[in-house]
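Enquirer: Provided below for reference: sequence and predicted model.
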Amino acid sequence: MGLLDGRVVLVTGGARGMGAASVRHFVGEGARVVLGDVLDEEGRALVKDLGADACYVHHDVTSQDDWARAVAEATDRFGKLDALLNNAGILAFRSVEEMSLEEFTRIMQVNVAGSWLGMKSVIGPMRDAGGGSIVNVSSVEGFISAAGMSAYSASKFAVRGMTRSAARELGGSGIRVNSIHPGAIATPMTEGADAEAFFSSIPISRWGDPGEVARMSAFLLSDAASYSTGSEFVVDGGLLSGAGY
């Protein structure tokens, strides 16, 4: 018996990295998954590998029309929508001085407006299903930050705030909203990062595996986390254990 048996889950940014690991894990736990991304080739290849329990939609999370199509795909194909993993996000390493307004705005559009649109878009079908669960992917950078990450950190702090507010609004409808905060996870987004000095400062001194984040997400989307909402769950190898935030 799987943790997500009978669940229909929408995953954004699901074509690679943490998103792809989550899609694979959710299907393995009994869910039917709608995978959205702008990386069409990778997304279609993934669902082809997974079979009838997964389908792909081209999905730009900054587009309200794309959100409507993705939600409709879930409800038309699988009959309902129980859960959302708001995973899509982008990152740029640039100092405040060097970053352009256009680049800053794009990060905020994808990471903040995209997650907000996701929550907004799934409320109706989740109410129709009798409740649901939303997991917003933030980051340890939503608690602390580093040089060159002003826009990314600002976006991930914002995700924390939106999560708490939405949890307050939607609890009465049986919809839980939590955020997850990965640390140094080995994904295409972190390729090329110099991790040696960084790892020496954390208790579990290695890259995290995307599957470790997927397992936490599955727990939060399942009934096993039925009394958790408005909360923040960290998957960071202990990075924040020494932070005085």
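Expert: Noted; the coordinates are in hand.
Enquirer: any stretches of this protein with poor pLDDT?
Expert: 188-198, 244-245 (pLDDT under 70).
Enquirer: ranges for the strands of it?
Expert: Shown for the chain, the strands assigned by DSSP state E span residues 8-12, 32-37, 54-58, 83-86, 132-137, 175-182, 232-235.
Enquirer: quick one: strands adjacent to the longest one?
Expert: Right, strand 175-182. strand 132-137 (parallel), strand 232-235 (parallel) (DSSP bridges).
Enquirer: now swap in the third one and tell me
Expert: Taking DSSP bridges as the criterion, strand 54-58 forms sheet pairs with strand 32-37 (parallel).
Enquirer: how about the contacts made by the nearest residue to L85 once chain neighbours are set aside?
Expert: Excluding the flanking residues, the one nearest L85 by C-beta to C-beta, 6 or more residues apart in numbering is V11, at 4.6 Å. For every residue, glycine as well, the C-beta is placed using N, CA and C. Residues counted as contacts of V11 (C-beta atoms under 8 Å, 6 or more residues apart in numbering) are 19, 22-23, 26, 33-36, 84-85, 87.
Enquirer: tell me the spacing between the residue nearest to G89 when sequence neighbours are not counted and F157.
Expert: Once flanking residues are discounted, G89 sits nearest to N111: 4.8 Å by C-beta to C-beta, 6+ apart. Per C-beta to C-beta, to the nearest Å, N111 is found 10 Å from F157.
Enquirer: next: R69.
Expert: Relative to F157, and taking C-beta to C-beta, R69 is found at 30 Å.
Enquirer: how about the contacts made by the closest residue to V137 other than its chain neighbours?
Expert: Spatial nearest neighbour of V137, excluding adjacent residues (C-beta to C-beta, 6+ apart): N87 at 4.7 Å. Residues counted as contacts of N87 (C-beta under 8 Å, 6+ apart) are 11-14, 18-19, 22, 137.
Enquirer: compare those residues and tell me which is most surrounded.
Expert: Highest neighbour count within these: G14, with 33 neighbours (other C-beta atoms under 10 Å).
Enquirer: residues contacting the residue lying farthest from the centre of the chain?
Expert: When each C-alpha in the chain is compared with the mean C-alpha position (C-alpha atoms, centre = their mean), E97 comes out farthest, at 29.0 Å. By C-beta under 8 Å, 6+ apart, E97 lies in contact with nothing.
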